[in-house]
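# here's my sequence, what's the structure:
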Amino acid sequence: MNEDRKIEELFNTLQGSFDTEEPGEGHEERFLQKLSNSKGVVRLAPKKNNWWRPLSIAASIMLLFAVGASLYTSRPSIDEQVAKISPEVSQTQFYFANLIEGQINDLVNESTPETKKLVDDTLLQLNKLEINYKKLEQDLINGGNSKLILSAMITNYQTRIDLLQEVMDKIENIKTFKNYDDENITI
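Numbering: from 1, shown residues only. Below you'll find the model as predicted:
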């Protein structure tokens, strides 16, 4: 705190003695003349206008356009690439995907406290099968054995459908067993 007071006193004593005026016209020329009159001072030549500056600006603008154009050109999605390799796969995929989506909705709607664990485990297994399917799609795009990969893709969908059907049957059995137990209880 004491140092702040000393600094404040210093500024108060120097107030009004600061040079805040701008130099007059021709100051720079007079200063350079005085410098050139002193010994050992070498005067630098004025800068020449370089021709490369406009060229570098044009090159930068072209580079920005090239980067922007590459960002806006879209690569086809994996589904589009698979459809290009095998159009039948995209039709089959559409059919199976709709069928499976409907069964998953039915499964989620049938979820009860008694079947929650079974439904959650089934959804986890379906997610793993979906990840496996995406890897198969990537293998097909990368040029793997197309007949073998297409067969594995269809098998993947069939496995999902079988899993969903089996779980729905188990849920029906659980509901039937619960209803049967509820009927046997007397009040």
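# show me the contact partners of the strand or helix carrying G102.
G102 belongs to helix 87-109 when assigned by DSSP states H and E. The contact list for helix 87-109, computed with Cβ atoms under 8 Å, 6 or more residues apart in numbering, reads 79, 82-83, 119, 122-123, 126, 140, 150, 153-154, 157, 160-161, 164-165, 167-168, 171. In this view, the C-beta of every residue, glycine as well, is placed from N, C-alpha and C.
# give me the helices and strands touching the helix or strand following that helix, please.
Later in the chain than helix 87-109, the nearest helix or strand by DSSP H and E is helix 116-141. Applying 3 or more Cβ pairs under 8 Å, 6 or more residues apart in numbering; DSSP states H and E, one finds that helix 116-141 contacts helix 78-85, helix 87-109, helix 146-184.
# the helix holding G102 to helix 146-184, inter-axis angle?
20 degrees (axes from the mean of the first three to the mean of the last three Cα atoms, to 10 degrees).
# test my guess that Y133 contacts N156.
Yes: applying Cβ atoms under 8 Å as the test, Y133 and N156 come out as touching, 4.8 Å apart.
# would you point out which residue is most central in this structure?
Nearest residue to the geometric centre of the chain (Cα atoms, centre = their mean): L71, 13.8 Å.
# now that residue. Its backbone dihedrals?
Backbone torsions of L71, given as degrees, to the nearest 10, read phi -70, psi -30.
# can you give the distance of the helix or strand harbouring R5 from its chain's centre?
Secondary structure from DSSP H and E places R5 in helix 2-14. Distance of helix 2-14 from the chain centroid (Cα atoms, centre = their mean, to the nearest Å) equals 56 Å.
# what of stretch 57-68?
How far stretch 57-68 lies from its chain's middle: 24 Å, per Cα atoms, centre = their mean.
# give the rounded mean pLDDT of that stretch.
Stretch 57-68 carries an average pLDDT of 83.
# other residues contacting that stretch?
With Cβ under 8 Å, 6+ apart as the criterion, stretch 57-68 contacts nothing outside itself.
# so which bits of it are buried?
By 16 or more other Cβ atoms under 10 Å, stretch 57-68 has no buried positions at all.
# for this protein, give me the ranges with low pLDDT.
Within the chain, the stretches with pLDDT under 70 are 1, 39-51, 74-86, 89, 181-187.
# compute the inter-axis angle for the helix holding G102 and helix 116-141.
Between the axes of helix 87-109 and helix 116-141, defined by the same axes, to 10 degrees, the angle is 170 degrees.
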